[in-house]
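Colleague: Build the 3D model from these lines:
(2 chains)
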Amino acid sequence: MTVSPLPTAGARLVRLDRLRIRPSTAVSLIVVLWVLLATIAPDLLTNRSPTAIDLGGTMQAPSWNHPFGTDQAGRDLFTRVIYGARQSMGIGLGATALAMVIAVLLGFTAGLAGGFLDAVITRVVEVTFAFPALLLALLVISVRGPSQATELIAVGIGSAPGYARMVRGQVLNVRQAAYIEAAAALGHNRWTVIRQHLFPNAMRPLVAVMTLGIGQSVVWASSLSFLGLGVPPPSSEWGALLDAGREYITTSWWLEILPGLVIIVVALAATSLGRTLQHKLEGAAS
Amino acid sequence: MVIAAASLTFLAQLLMPGDRATALMNVQTGQQKRWTAAELAPVNKEFGFDRPLPVQYLHYLGGLFRGDLGTSYTQHRPVTQVIGGQLAPTLILTLGALVTAWVLAVAITVLTVKRTRAVSALGSTWEALTASLPNYWVGVVLLVVFAVKLPLFPVIGGSNAWGTVLPLATLAIPLAGFLGQVTRDELEKVLDQPFVTTARTRGMSDTAVRLRHALRHAVLPAITLSGWALGALVSGAIITENIFARPGIGQVLVTAVNTRDVPTVSGIVLVVAVAYVVANLLVDVAYALVDPRLRGRS
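Modeller: Below you'll find the model as predicted:
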């Protein structure tokens, strides 16, 4: 680490430059904030109810009054998408968190223990990582039977191996750092060093990866629901909307394509924010 | 790798909540009740649940080596029979999609890399956009546009050539975007290399330089990723077969997951594991074919 230079006018300019936000990041931020708002307070974004049935206006194509059209019971699809955000984001966040917990347990055990335990864990992780994530998730669902909790667990387990690889790599990397050696030399015990120095430093780059992962989890979960193996249709979870709309695909395309588009836009926004975060964190570390 | 996958699927069969024979009877009869020991005994005997776990495990592994994947809970047939006939359509679909994706990716990158700014931007935007599309969405859009609005293709695919076009495109378009992104980065770097300039000063045309010299270098990273891509293709094929009601592994798998027929799901997982190992061997061969530096070594 170099001695930080005295703050000069030049340095301040650089900092201002860092704060400048690219248009794509700005758009992503708006999308993410919109989804967060829909998750916390859906009633602020629409004054309709997601379950209000209107038998006079079923299967209407998108219009000013119903931007996403209506479904077979005349329910406003746009409203249903907004109210579905909470469940979808819940599954996305929960699955990513679960994957991270598994990954941290495996990655830290492997990276710190070394030797035989490392070899076994690395092998298992490599095997499951090489595997199509959807198949792993389907195996979990066939064992537990489809439900919302299963969907969360399936997506979490399906994406855990990728994170575990990264965590282990980070642990091995950070372990070698001079400050870890210094902390050990100062006489701190092993757990203190791990908790205070190794863990935060190893996990920092993974924050960005997790942001990327939430978008991926939402897409995976919706794929499972699309196959009819996730949350069952009466719910307005985004994947369940896709599942419900499949029956009417030849007559009412909006029921399928528009919720799908929302999922893609949200996933893209999360990915784009994750990338930006990654660059910032890398920039801050160097 | 295959043995590890086998251990994983065996574990999955054990993890089925509650007593396996009870779960199985419930699955078969569609009821939720407690069965008497007398009712469960024949099931336990048929599937070998009454033997100690290590024996069951070794029996399972031994069976795998003889090509026996166990017995389906719902169909009372060997899993190999259940899967067997469905392998070919899925294999044709995934391999066809891989080839199509490669042709698309190479054509788009060779045509658009380092051209005028607008053309290059068009190419890279197309790739970034398609690479992030989930298969189900691509499938649904293609279905609505080319089978419903413009009735060019059948809505329900079947496994004939005409019905395969849309499923193939569904799988190939996102993959082409992904492979294209990787190839584009590499091609941009390669076209700045001195040997490209040398080839140009010899009077070689731009197209020839791209095809004969630059491309060979540029495709290497994408070839490495093709092994991984095959895994993604299998996931995609399951969804695609489901959208177009096309026969194949995906259909069997979704039905099996729905009826909680764990041996069938496990069997498919294992078949895919084997396919995966084979695919990665083929990737190594392809690598050696494209990169002469790797030949003659070892």
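
Colleague: Flag every buried residue along stretch A:247-258.
Modeller: Buried residues in stretch A:247-258, counted by 16 or more other CB atoms under 10 Å in any protein chain shown: A:249, A:252-258. (Each C-beta comes from the backbone N, C-alpha and C, glycine too.)

Colleague: swap in stretch A:158-176?
Modeller: A:158-168, A:170-172, A:174-175.

Colleague: picking up where we left off before, from the buried residues of stretch A:247-258, which are also near chain B?
Modeller: Checked against chain B using CB under 8 Å from any CB of the partner chain, the buried residues of stretch A:247-258 yield the following neighbours: A:249, A:253, A:256-257.

Colleague: Closest to residue A:182 out of those?
Modeller: Distances from residue A:182 to those, taken as CB to CB, are shortest for residue A:257 (57.1 Å).

Colleague: Now tabulate the buried residues of stretch A:247-258 in CSV and tack on secondary structure and distance to residue B:107.
Modeller: Formatted as CSV, the buried residues of stretch A:247-258 follow (DSSP: H, G, I helix; E, B strand; the rest coil; distance: CB to CB, whole Å):
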residue, secondary structure, distance to residue B:107
A:249, coil, 31
A:252, coil, 35
A:253, coil, 30
A:254, helix, 33
A:255, helix, 35
A:256, helix, 30
A:257, helix, 27
A:258, helix, 31
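
Colleague: Name the nearest residue to residue A:245, sequence neighbours excluded.
Modeller: residue A:255 (3.2 Å; CB to CB, 6 or more residues apart in numbering or on different chains).

Colleague: ok, the one you found - contacts?
Modeller: Going by CB atoms under 8 Å, 6 or more residues apart in numbering or on different chains, residue A:255 touches A:69, A:71, A:77, A:241, A:244-245, A:248-249.

Colleague: Report the rounded mean pLDDT for the helix or strand residue A:210 falls within.
Modeller: Using DSSP states H and E, residue A:210 maps to helix A:199-226. The pLDDT scores in helix A:199-226 average 84.

Colleague: ok, residues contacting the helix or strand following it?
Modeller: Using DSSP H and E, the helix or strand that follows helix A:199-226 in sequence is helix A:238-245. With CB under 8 Å, 6+ apart as the test, helix A:238-245 has contacts from A:71, A:77, A:80-81, A:84-85, A:88, A:151, A:218, A:221-228, A:230-234, A:252, A:255-256, A:259-260, A:262-263, B:136.

Colleague: again, only this time at 6 Å
Modeller: A:84, A:88, A:221-222, A:225-226, A:228, A:230-231, A:233, A:255-256, A:259, A:263 (CB atoms under 6 Å, 6 or more residues apart in numbering or on different chains).

Colleague: can you check stretch A:160-169 too?
Modeller: A:99-100, A:102-104, A:106-107, A:110-111, A:125, A:128-129.

Colleague: what does the stretch 51-200 of chain B have sitting close to chain A?
Modeller: When proximity is defined by CB under 6 Å from any CB of the partner chain, the stretch 51-200 of chain B lies next to chain A at B:132, B:134, B:136-137, B:140, B:144, B:148.

Colleague: If burial is judged by neighbour count, which of these pass?
Modeller: B:132, B:134, B:136-137, B:140, B:144.

Colleague: Inside strands: which ones of the residues you listed?
Modeller: With DSSP state E as the criterion, strands contain none of these.

Colleague: Return the item of these having minimum pLDDT.
Modeller: residue B:132 (79).

Colleague: which parts of the stretch 51-200 of chain A sit against chain B?
Modeller: Proximity of the stretch 51-200 of chain A to chain B is confined to A:127, A:132, A:134-135, A:138-139, A:141-143, A:145 under the rule CB under 6 Å from any CB.

Colleague: Tell me which of the residues you listed fall in helices.
Modeller: Using DSSP state H, A:127, A:134-135, A:138-139, A:141-143 are the members of those that sit in helices.

Colleague: mind listing the helices in the stretch 101-250 of chain B by residue range?
Modeller: B:117-131, B:135-143, B:161-190, B:194-201, B:206-208, B:215-218, B:220-243, B:249-258 (DSSP state H, counting those that start in this stretch).

Colleague: Between those helices, which one is closest to residue A:273.
Modeller: Short answer: helix B:117-131, nearest of the helices of the stretch 101-250 of chain B by CB to CB, at 15.4 Å.

Colleague: ok, residues contacting stretch A:197-216?
Modeller: Contacts of stretch A:197-216 (CB under 6 Å, 6+ apart): A:92, A:96, A:170-171, A:174, A:180, A:183, A:267, A:270-271, A:273-274, A:277-278, A:281.

Colleague: How about the closest residue to chain A within the stretch 101-250 of chain B, nearest residue that isn't a chain neighbour?
Modeller: Across the stretch 101-250 of chain B, no residue is closer to chain A than residue B:235, which sits at 3.6 Å (CB to the nearest CB). Distances taken as CB to CB, 6+ apart put residue A:134 closest to residue B:235, at 3.6 Å, once the chain neighbours are dropped.

Colleague: rewinding a little: so which two of the ones in helices among the residues of the stretch 51-200 of chain A next to chain B are the farthest from each other?
Modeller: Maximum pairwise distance among these (CB to CB): 19.8 Å, between A:127 and A:141.

Colleague: quick one: what helix or strand has residue 99 in it?
Modeller: Because you didn't say which chain, this covers chain A. Counting by DSSP H and E, residue A:99 is found in helix A:77-113.

Colleague: could you do chain B instead?
Modeller: Using DSSP H and E, residue B:99 falls in helix B:87-112.

Colleague: same for that helix, what does it pack against?
Modeller: Other helices and strands packing on helix B:87-112, by 3 or more CB pairs under 6 Å, 6 or more residues apart in numbering or on different chains; DSSP states H and E, are helix B:117-131, helix B:161-190, helix B:220-243.

Colleague: among the ones you listed, which is nearest residue A:52?
Modeller: Per CB to CB, nearest to residue A:52 of these: helix B:220-243, 30.2 Å.

Colleague: got the buried residues for the closest one?
Modeller: Here helix B:220-243 shows B:220, B:222-243 as buried, counting by 16+ other CB under 10 Å.
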